[in-house]
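Colleague: quick one: sequence and predicted model below, then my questions.
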Amino acid sequence: MSKADPSSFVSLDDFEQYAQANLDRNALDYYRSGAQDMITLRENQRAFDRIIIRPRILRDVSTIDMRTNIQGVSISSPICIAPTAMQRMAHPEGECATARAAERKNTCMILSSWSTTSIEDVAATTTQGNQSPKWLQLYIYKDRKATQRLIERAQDAGYTAIALTVDTPYLGRRLADIRNRFRLPSHLTMANFSDQKSQVSQSKTTSISDNASGLATYVASQIDPTLSWKHVEWVKSIARIPVLVKGVLTAEDAKLAVEAGVDGIIVSNHGGRQVDTAPATIDALEEVSLAVDGRVEVYLDGGIRRGTDVFKALALGAKAVFLGRPVLWALNYNGEDGVVEMLEMINEELRLAMALTGCVNVSDIKRDHVRVLPQARL
Ligand SMILES: Cc1cc2nc3c(=O)[nH]c(=O)nc-3n(C[C@H](O)[C@H](O)[C@H](O)COP(=O)(O)O)c2cc1C
Ligand SMILES: O=C(O)C(=O)c1ccccc1
């Protein structure tokens, strides 16, 4: 597969295969791993195969419009970009390349707060005043002032929402990272933090006998595990832009999130990287959408690899979906152009899925377009 011949790629899996052969082990294992036995990681994709599409026919599908709104902002399709840390391990232009690709496709990008490019530099690489939304993913750090500063920096730089990740009081146990003693290459930094103690350096990595990867130790040093619902309210009280919670998997927590005043919910299991044997996100989506009952927008990430996956998520209540790893594979393949190519591929798949099911707008995609088969035993 050569970069000069993009037509040789026919599905998102081809980007992954390219990256698997091309990335070094430290980065590849970090990007692809799930927690523990990686059961949730696999289920995220497999669960889509247990959902049957019920196509409707003879509905004049000559024009398909995939546009939608998220948090009141129009985007070209419901396929957006999830936050993934340390993108410059995949490509030298890292997060900037991703942001430009998102802008070219007029979709939303969520920047990880653990990015290898700063909030401001990512904003500066895109056009001032462009309508493609950029959101900042936030963790609540032990250092509350630093946390508050991140929110203010995002607002000042034109980001239009905060996605607060709530599933990571500690890092999940990722066996390959422990074996590899994961480290961020020395030419890269956690660019939103200037102080030395906020860097994940090789010297901080612990040995295998410490039973943690360097990353898990790093996360434990930075993230506040006392995090509770009152901290969500604290973020709401500071932010002048919408606040979403990322990492909800149950109806109970969805209701609490709405009561805490959030503006949106991302159904996510962190790409199967936190608690293994947690449900596949597509299996958790419907109970969350029913509990929320239209009070805030619900989104989903995890395992989306095909246009039909997007279709199923929309049918079960998601307003939009977010892609994690496919962006990293596409970045590694060909930077900004690679991400554009990947987005175009899955958008065309969604367009065809809509046409073949009789849906000309995303609002035509309804619950009765899918049938969910009984869950397989894990
Ligand atoms: C390499 C990698 C790094 C990630 N970094 C973050 C992060 O910094 N913050 C966060 O909230 N989620 C992070 N995630 C989780 C993603 O936002 C998203 O939930 C997940 O990747 C979606 O699943 P998918 O990769 O199957 O599309 C990361 C995921 C991966 C694979
Ligand atoms: O790897 C992750 O899933 C993640 O969210 C993260 C990001 C940066 C540092 C540590 C963990």
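Modeller: Structure received. Ligands and ions are numbered 1, 2, ... in the order given.

Colleague: need the residues of this protein near ligand 2, please.
Modeller: Contact residues (CB under 6 Å from any ligand atom) of the chain with ligand 2: 85, 114, 168, 171, 215, 219, 270, 273. In short, each C-beta sits where N, CA and C put it, glycine included.

Colleague: burial count for the residue of the stretch 201-350 of the chain found nearest ligand 1?
Modeller: Nearest residue of the stretch 201-350 of the chain to ligand 1: residue 324, at 2.2 Å (CB to the nearest ligand atom). Number of residues near residue 324 (other CB atoms under 10 Å) recorded here: 22.

Colleague: do the same with residue 59
Modeller: Count around residue 59 with other CB under 10 Å applied: 12.

Colleague: am I right that it falls within a strand?
Modeller: No: assessed with DSSP: H, G, I helix; E, B strand; the rest coil, residue 59 is coil; it does not lie in a strand.

Colleague: surely it meets residue 358?
Modeller: Yes: Residue 59 is within contact range of residue 358, at 3.8 Å (criterion: CB atoms under 8 Å).

Colleague: okay, the residues of the chain next to ligand 2 in a markdown table with distance to residue 368 next?
Modeller: Formatted as a markdown table, the residues of the chain next to ligand 2 follow (distance: CB to CB, whole Å):
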| residue | distance to residue 368 |
| --- | --- |
| 85 | 39 |
| 114 | 41 |
| 168 | 36 |
| 171 | 40 |
| 215 | 44 |
| 219 | 43 |
| 270 | 31 |
| 273 | 33 |
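
Colleague: ok, of these, which come out buried?
Modeller: 85, 114, 168, 171, 215, 219, 270, 273 (16 or more other CB atoms under 10 Å).

Colleague: secondary structure class for the fourth one?
Modeller: Using three-state DSSP, the secondary structure recorded for residue 171 is coil.

Colleague: kindly report the same for the second one.
Modeller: Following three-state DSSP, we place residue 114 in the coil state.

Colleague: which residues does it contact?
Modeller: By CB atoms under 8 Å, 6 or more residues apart in numbering, residue 114 lies in contact with 85-86, 139, 190, 192.

Colleague: of the residues you listed, which is the nearest to ligand 1?
Modeller: Looking across the contacts of residue 114 and measuring by CB to the nearest ligand atom, the closest to ligand 1 is residue 85, at 3.6 Å.

Colleague: any idea how far residue 324 is from that closest one?
Modeller: With distances taken as CB to CB, to the nearest Å, residue 85 is found 10 Å from residue 324.

Colleague: pLDDT score for the residue nearest to the spatial centre of the chain?
Modeller: Residue closest to the mean C-alpha point of the chain, counted by CA atoms, centre = their mean, is residue 82 at 2.3 Å. pLDDT for residue 82: 99.

Colleague: need the contact list for the residue nearest to it when sequence neighbours are not counted.
Modeller: The shortest distance from residue 82 to any residue other than its chain neighbours is 3.7 Å, reached at residue 322 (CB to CB, 6 or more residues apart in numbering). Shown in contact with residue 322 (CB under 8 Å, 6+ apart): 80-82, 110, 266, 268, 299-301, 304.

Colleague: swap in 7 Å and give it another go.
Modeller: 80-82, 110, 299, 301 (CB atoms under 7 Å, 6 or more residues apart in numbering).

Colleague: out of these, who's near ligand 1?
Modeller: Filtering these for neighbours of ligand 1 using CB under 6 Å from any ligand atom leaves 82, 301.

Colleague: top of the contacts of residue 322 by neighbour count?
Modeller: Busiest of these [other CB under 10 Å] is residue 110, holding 29 neighbours.

Colleague: which strands or helices does the helix or strand encompassing it pack on?
Modeller: Using DSSP states H and E, residue 110 falls within strand 109-111. Applying 3 or more CB pairs under 7 Å, 6 or more residues apart in numbering; DSSP states H and E, we find strand 109-111 packed against helix 94-104, strand 134-138.

Colleague: and that strand, how far from the chain's centre?
Modeller: Between the centre of strand 109-111 and the centre of its chain there are 8 Å (CA atoms, centre = their mean, to the nearest Å).

Colleague: next: stretch 164-183.
Modeller: For stretch 164-183, the gap between its own C-alpha mean and the chain's C-alpha mean amounts to 16 Å (CA atoms, centre = their mean).
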